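Trainee: sequence unknown, structure follows:
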Ligand SMILES: *Cc1c(COP(=O)(O)O)cnc(C)c1O
């Protein structure tokens, strides 16, 4: 399968090229040339299959031309070492819990898959592949844990000193092994600038192999379609799979776009709801047909604080730029922080179900938008304990912290302090490369 760029000015790429480059040379996002249908027999018998079996079928339709089935099976089965269960919340409303992975957030699925696919494509190459990632919190933890212990790949996570929550910080600074956390004396923008500069530094790139684990990478984005099929399978087991509406808390719109891909492949979903926080650029687009990116606003659902969602380009390409077709498939809504807190409180009071601020947006949009005869699923993208203070305030009770999160919090911080000057960063990277060379 070939991949084309949403900007239309770059040559077609192979899967390997798309994965190792992340972004197309014209600045666009890679998109598969065709979206193949899954066989009818697959959706007919899906209720009898495991999550891993379902995911392998879906993976084969995307990646089957490029990766032999036995290798693909290894990547998929190894990625999905945790479940994504459907939990009933109230009449006609279910939660798809995507937070049972290592960092308790849905980004684990894509990050783990990408790590394994990148390792697969680069295993013939000599020397270490270095993944550079700048983070304001969640991406760093998903990527670091996704790549933890993967042979031949070293990850450098750059994060701004004192600007990341303690819980988030602990999830990528305590790992050791092939993960190095660099605590930058600066802002998130400084971290991003350092990474960008490193990628464009020809001298550095001649010395060491650099790549990114950006969320727009096809190997992070496409595997997110797996759990939409699995959600359908679970609803089918319950006899509730007709008239399905799926509500997705959206920031960069990768998650919902993967759902739209699943739908295009033949998954019987009636419609989608894109839930926004105060960053309502997409909601505005749905209502007006005009896309106006803005500076992002800080909210309590901070992983959705995106003012210019990069996957919007993929949605446009999927619907051939037709606003009319987009609004047929996707509905939307947007909520301020006070509505989000009230939703956490109300859902707990009425249904004894604990939402995190992101899932709360999706739950609200679903309860506001669900019509008679429809069955609704919202995506719960993070464990509520990751947002302990906000959630405890809203529900008025103390949360139990999952063991995995506690282990991170109690782990020893191993990060390396660094200035925000490029020369220091470069010198450090080269010294690491030399050390690694000597060991071999
Ligand atoms: C990243 C993230 C989102 C937004 O997902 P997109 O794919 O960027 O739309 C929602 N919730 C949580 C908890 C996240 O970490």
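Mentor: Arrived safely, thanks for sending. Bear in mind that the values here come from a model prediction, so they are computed numbers and not experimental data. Numbering: from 1, shown residues only.

Trainee: tell me the buried residues in the biggest helix by length in the chain?
Mentor: Of all the segments of type helix in the chain, defined by DSSP state H, the longest one is helix 422-439. By neighbour count with 16 or more other Cβ atoms under 10 Å, helix 422-439 contains the buried residues 422, 425-426, 429, 432-433. C-beta coordinates here come from the backbone N, C-alpha and C atoms, glycine included.

Trainee: and what of stretch 253-272?
Mentor: Within stretch 253-272, the residues that count as buried by 16+ other Cβ under 10 Å are 253-263, 265-267, 269-272.

Trainee: now check it, is it near the ligand?
Mentor: Yes. Against the ligand, stretch 253-272 shows contacts by Cβ under 6 Å from any ligand atom at 253-255.

Trainee: is it possible to export these to CSV including secondary structure and pLDDT?
Mentor: Conversion of the residues of stretch 253-272 next to the ligand to CSV gives the following (DSSP: H, G, I helix; E, B strand; the rest coil; pLDDT from 0 to 100):
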residue, secondary structure, pLDDT
253, coil, 96
254, helix, 96
255, helix, 97
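
Trainee: can you add distance to residue 91 and give these back as a markdown table?
Mentor: Conversion of the residues of stretch 253-272 next to the ligand to a markdown table gives the following (distance: Cβ to Cβ, whole Å):
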| residue | distance to residue 91 |
| --- | --- |
| 253 | 29 |
| 254 | 31 |
| 255 | 25 |
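
Trainee: quick one on the thing from earlier: from the buried residues of helix 422-439, which shows the smallest pLDDT?
Mentor: The lowest pLDDT within the buried residues of helix 422-439 belongs to residue 433, with 82.

Trainee: my guess is that residue contacts residue 206. True?
Mentor: No. Look at residue 433 against residue 206 with Cβ atoms under 8 Å: they stay out of range, at 11.3 Å.

Trainee: for the residue nearest the centre of the chain, give me its contacts.
Mentor: Relative to the mean C-alpha position of the chain, the nearest C-alpha, by Cα atoms, centre = their mean, is the one of residue 107, at 3.6 Å. If you count contacts by Cβ atoms under 8 Å, 6 or more residues apart in numbering, residue 107 has them with 138-139, 142, 215, 220.

Trainee: CSV please, covering the residues you listed and showing secondary structure, distance to residue 411 and pLDDT.
Mentor: Formatted as CSV, the contacts of residue 107 follow (DSSP: H, G, I helix; E, B strand; the rest coil; distance: Cβ to Cβ, whole Å; pLDDT from 0 to 100):
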residue, secondary structure, distance to residue 411, pLDDT
138, helix, 18, 81
139, helix, 19, 87
142, helix, 17, 93
215, coil, 25, 83
220, helix, 25, 95
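
Trainee: what about the ligand: which of those touch it?
Mentor: Within those, those near the ligand by Cβ under 6 Å from any ligand atom are residue 138.

Trainee: what residues does the stretch 151-300 of the chain put near the ligand?
Mentor: Selection of the stretch 151-300 of the chain residues close to the ligand by Cβ under 6 Å from any ligand atom yields 249-255.

Trainee: try it again with 8 Å
Mentor: Taking Cβ under 8 Å from any ligand atom as the contact definition, the stretch 151-300 of the chain meets the ligand at 215, 224, 248-258.

Trainee: nearest to residue 383, of those?
Mentor: Using Cβ to Cβ, residue 249 is the member of these that sits closest to residue 383, with 13.8 Å.

Trainee: how many neighbours does the closest one have?
Mentor: Burial of residue 249, expressed as a neighbour count using other Cβ atoms under 10 Å, amounts to 32.

Trainee: so who does it touch?
Mentor: Shown here is residue 249, whose contacts under the criterion Cβ under 8 Å, 6+ apart are 255, 275, 301, 304, 358-359, 361-362, 378-379, 381.

Trainee: please pick the buried ones from those.
Mentor: With neighbours counted by 16+ other Cβ under 10 Å, the contacts of residue 249 contain buried members at 255, 275, 301, 304, 358-359, 361-362, 378-379, 381.

Trainee: per-residue confidence averaged over stretch 274-284?
Mentor: When the per-residue pLDDT values of stretch 274-284 are averaged, the result is 97.

Trainee: please enumerate residues in contact with it?
Mentor: Here stretch 274-284 has contacts from 247-251, 253, 256, 286, 290-294, 296-297, 299-301, 304-309, 312, 330-337, 340, 361-362, 364-366, 378, using Cβ under 8 Å, 6+ apart.

Trainee: select only the buried ones of the residues you listed in ChimeraX?
Mentor: The ChimeraX command for the buried members of the contacts of stretch 274-284 (criterion: 16+ other Cβ under 10 Å) is given here:
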select :247,248,249,250,251,253,256,286,296,299,300,301,304,305,306,309,312,330,331,332,333,334,335,337,340,361,362,364,365,366,378
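
Trainee: among the contacts of stretch 274-284, name the ones in helices.
Mentor: 256, 286, 312, 337, 340, 361-362, 364-366.

Trainee: farthest-apart pair in those residues, please.
Mentor: The most widely separated members of these are 312 and 337, with 23.4 Å between them, by Cβ to Cβ.

Trainee: the stretch 251-400 of the chain: strands as residue ranges?
Mentor: If you assign secondary structure with DSSP state E, counting those that start in this stretch, the strands in the stretch 251-400 of the chain sit at 271-276, 330-334, 375-380.

Trainee: for the lowest-mean-pLDDT helix or strand in the chain, name the packing helices and strands.
Mentor: Every helix and strand of the chain was ranked by mean pLDDT, DSSP states H and E. The lowest is helix 422-439, at a mean of 83. Applying 3 or more Cβ pairs under 8 Å, 6 or more residues apart in numbering; DSSP states H and E, we find helix 422-439 packed against strand 153-160, strand 179-184, helix 188-199, helix 202-207, strand 416-418.
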